[in-house]
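Visitor: Just the structure for this:
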Amino acid sequence: MTDTSASRAAEAVFFTGFAVLICHELDAVLHHEWRVLPLVRMLPDAAGYVVFVLAHVPLFVALMLMLTSASARLRLGTRLGIDAFLLLHAVLHVLFRNHVHYDFAGWLSNGLIFGGAVVGALHLVLLRWPIAAVPESRPGRAGGRSRAGGGAS
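Guide: Presented below is the predicted three-dimensional model:
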C-alpha cells in the first residue's frame with residue numbers, strides 16, 4: 001500500500017468513527033441520554049431534551065470547523081481528540097450501565113458505542129506521525145504545503 005492509499009484508508013477509518021459518533025448521538029436522543037448525564041439530569045425531562053439536542057449544534061459545528069481547518073496540526077489534533085473521546089466514551093457507558101436511567105441496549109446501541117471505540121482505536125493504530133512532520137496547511141489552500149527547511153521561493 002502506498003503512503004497515499006494508506007493515508008486515505010486511515011482517513012476513511014477516521015470518518016467512519018466520526019459518523020458512528022454522530023449516529024450514536026441520534027440513538028442517544030431515543031434513549032434519553034440526558035437523564036444519565038451529570039448536571040443535565042437535574043433538569044425536567046423536556047428541558048433536558050432541549051439542552052441535550054441544542055448543545056450538539058455548536059459542538060458539531062466546532063468539530064467540523066476544526067476538521068476542515070487550514071492548519072494540519074489542528075486537523076490532526078482534532079482527529080486524535082475524537083479518537084480518544086470514542087475510547088473514553090465507551091468506558092463511560094460501561095461505568096454508567098447500572099444507572100437507573102441508563103437505557104442503551106441491543107445490537108444497534110452497543111454497536112455504535114463500542115464499535116466507535118474499536119474504530120477510534122484502529123485509526124490511532126493506522127496513524128503514523130510525529131506531529132512536527134505534519135505540514136501546516138493543506139495543498140490548494142492559501143499558503144500551500146510547507147517544505148521542511150525551505151524558505152520562500
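Visitor: burial measure for the closest residue to residue 31 other than its chain neighbours, as a count.
Guide: By the measure of CB to CB, 6 or more residues apart in numbering, the closest residue to residue 31 outside its immediate chain neighbours is residue 103, 4.2 Å from it. From N, CA and C alone the C-beta is placed, and that goes for glycine too. Burial of residue 103 is recorded as 14 neighbouring residues (other CB atoms under 10 Å).
Visitor: In three-state terms, label residue 103 for me.
Guide: When classified by DSSP: H, G, I helix; E, B strand; the rest coil, residue 103 comes out as coil.
Visitor: measure it to residue 39 for me?
Guide: Going from residue 103 to residue 39 by CB to CB, to the nearest Å gives 19 Å.
Visitor: Show me the residue at the heart of the chain, geometrically.
Guide: residue 82 (3.1 Å; CA atoms, centre = their mean).
Visitor: you'd agree it is up against residue 119?
Guide: No. Residue 82 is beyond contact range of residue 119, at 10.3 Å (criterion: CB atoms under 8 Å).
Visitor: and for those two, which residues touch both?
Guide: Counting by CB atoms under 8 Å, 6 or more residues apart in numbering, the contacts common to residue 82 and residue 119 are residue 17.
Visitor: what ranges do the helices span in the chain?
Guide: Along the chain, counting by DSSP state H, helices occupy 3-30, 45-67, 72-96, 106-126.
Visitor: buried sites along stretch 38-45?
Guide: By neighbour count with 16 or more other CB atoms under 10 Å, stretch 38-45 contains the buried residues 40-41, 43.
Visitor: same question, stretch 69-85
Guide: Within stretch 69-85, the residues that count as buried by 16+ other CB under 10 Å are 69, 71-72, 74-75, 78-80, 82-83, 85.
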